[in-house]
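# Test case, fold it:
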Amino acid sequence: MLIAAIFSIFQPQVLAQNDFTATNILSLADAKRIAFERNWDLLAAKSGIDAAQARLIVAKEFPNPTASLSTARIGDRESGTALGNGLWERNYDSIAAVSQLIEIGGKRRDRQASARAGIAGACARFFDARRSLDQGVTKAYVSALLAGENARVLNESARMLRHEAEIAQARLKAGDISDSDEKQIENSADTFELQAKSAEAAVVLAGISVEILMGVGQPKGNWTPTDTLEQMVAATPQFDESKTNGARPDVLAAEADLSQSKSDLKLQKAMRIPDPTFSIGAEHNPPGGGPPVDTLLVGVSFPLPLWNFNRGEIRAAQAMVNQNAYALEKAKAQAASDIASAETAYSEASERLQRYQNQILPKSRKVRESVAFAYEKGGAALVDLLEAERADNDARLAAAQAMSDTTSAIADLVAARNVLTETELNPAK
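Below is the predicted model:
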């Protein structure tokens, strides 16, 4: 059931891909769907589940029996007997036997338990890769939106200064301002336009980053987002509070690794018990002049534990248990740290955004409009105009950065509090 659920995630999302290719527009939801289907790291994580399933198949298989056939006394003179001189009647000593190794001491049980823990770990790593991919696509998409917003703000600032430059040219002809004042305005407008060009290039680079996560073979970054920072920042992170007994996929993966290493340790301890090999066979040895002698052979053999007590393998397995125990504690601490850090970042970014939206932006816009009106009427100096334009431009860019930081913090918080229950990880239980 779990494998079927995982494979269903990779069913072709033809509509989303065709829409993206045909219209060159992309929503965050479509970006995630395509990434979940085509991302290379996620596909590799899915292959890890296949490999773990194969190891369980191997653990369930019995060792193959061994067949042996031997013939002795070949070539002796007068090999013929009273029965004849055919191959079956000669006095050759022929033995045919079949041997079967039988594992005892719970080795098969421990080996299968280790393989099942390996499957649980592979599945948890798949879900953790999916969690990280969801977070990565969201933050890359937000980066593309921020770059686009920066380009829009800088282009708008450049247009405003171009408008002021036109007014300045008229005032220059009237003798109200100097030629240097008019050129300062034009230089400031040129600076904003150059910054806007740089931001537009950043839009393409951010778009390429999104396409890389989507598994696009030839990323170009020339797509248009359908979502906006305003829409995304308004989304309140939702969490399933009912999963009180759940854990993050990386924590579950660490728990599975610890369980697997414990099973491996039990297996290595069980390896100290010799495994017997049972044999059954038949011996054919026609005597000279007498009736044929056919003998049934039954035997058992096992290694003598005189020199090798498997101490090295047991010690290595115990060290792996200790390492995985430390890794589990670290994963739990990291999960708690991620939640605390994401909550702090979200709180700070959201408060900063509210202050920009409610206080700083309205004031900077009002100041810019007042100074621009006064400058057009000859009641403000050029320095005041340029300072007001720069301050308003910086405030709008900072507000866009605050929206981006808030949205990224939401993505980090959702990823940090991503919980997977044991039932979801092992639905067959």
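
# tell me which residues of stretch 213-230 are tucked away?
Going by neighbour count (16 or more other C-beta atoms under 10 Å), the buried part of stretch 213-230 is 213-216, 219, 221, 223, 225, 227, 229. The way it works is simple: take the backbone N, C-alpha and C, and place the C-beta from them, glycine included.

# An error on my part: the question was meant for stretch 365-381.
367-368, 371-372, 375-376, 380.

# ok, now stretch 27-40?
Going by 16+ other C-beta under 10 Å, stretch 27-40 has these buried residues: 28, 30-39.

# For those residues, give me a markdown table that also has pLDDT.
Below are the buried residues of stretch 27-40 laid out as a markdown table (pLDDT from 0 to 100):
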| residue | pLDDT |
| --- | --- |
| 28 | 92 |
| 30 | 93 |
| 31 | 94 |
| 32 | 93 |
| 33 | 94 |
| 34 | 93 |
| 35 | 94 |
| 36 | 94 |
| 37 | 92 |
| 38 | 93 |
| 39 | 94 |
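
# For residue 147, give me its contacts.
Residues counted as contacts of residue 147 (C-beta atoms under 8 Å, 6 or more residues apart in numbering) are 199-200, 202-203, 205-206.

# which among those residues gets closest to residue 333?
residue 206 (32.5 Å; C-beta to C-beta).

# Can you tell me the element the closest one falls in?
According to DSSP states H and E, residue 206 maps onto helix 179-213.

# I'd like to know the average pLDDT value across that helix.
Mean pLDDT, computed over helix 179-213, is 87.

# From the chain's centroid, how far away is it?
Its chain's C-alpha centre and that of helix 179-213 lie 34 Å apart, by C-alpha atoms, centre = their mean, to the nearest Å.

# After it, which helix or strand is next?
Criterion used, DSSP H and E; the element after helix 179-213 is strand 224-225.

# average pLDDT for the following helix or strand past that following strand?
Using DSSP H and E, the helix or strand that follows strand 224-225 towards the C-terminus is helix 229-233. Helix 229-233 comes out with an average pLDDT of 89.

# now could you export just the CA positions of helix 229-233 as PDB?
Presented in PDB, the C-alpha positions along helix 229-233 are these (Å, rounded to 0.1, in the frame of the first residue of the first chain):
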ATOM      1  CA  LEU A 229       3.900  37.800  -3.000                       C
ATOM      2  CA  GLU A 230       0.700  39.500  -1.600                       C
ATOM      3  CA  GLN A 231      -1.300  36.300  -2.200                       C
ATOM      4  CA  MET A 232       1.300  34.000  -0.700                       C
ATOM      5  CA  VAL A 233       2.100  36.200   2.400                       C
END
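
# For the one residue sitting closest to the centre of the chain, which non-adjacent residue is spatially closest?
The residue lying closest to the centre of the chain (C-alpha atoms, centre = their mean) is residue 129, at 2.0 Å. In this structure, residue 129 finds its nearest non-sequential neighbour in residue 45, 4.1 Å apart by C-beta to C-beta, 6 or more residues apart in numbering.
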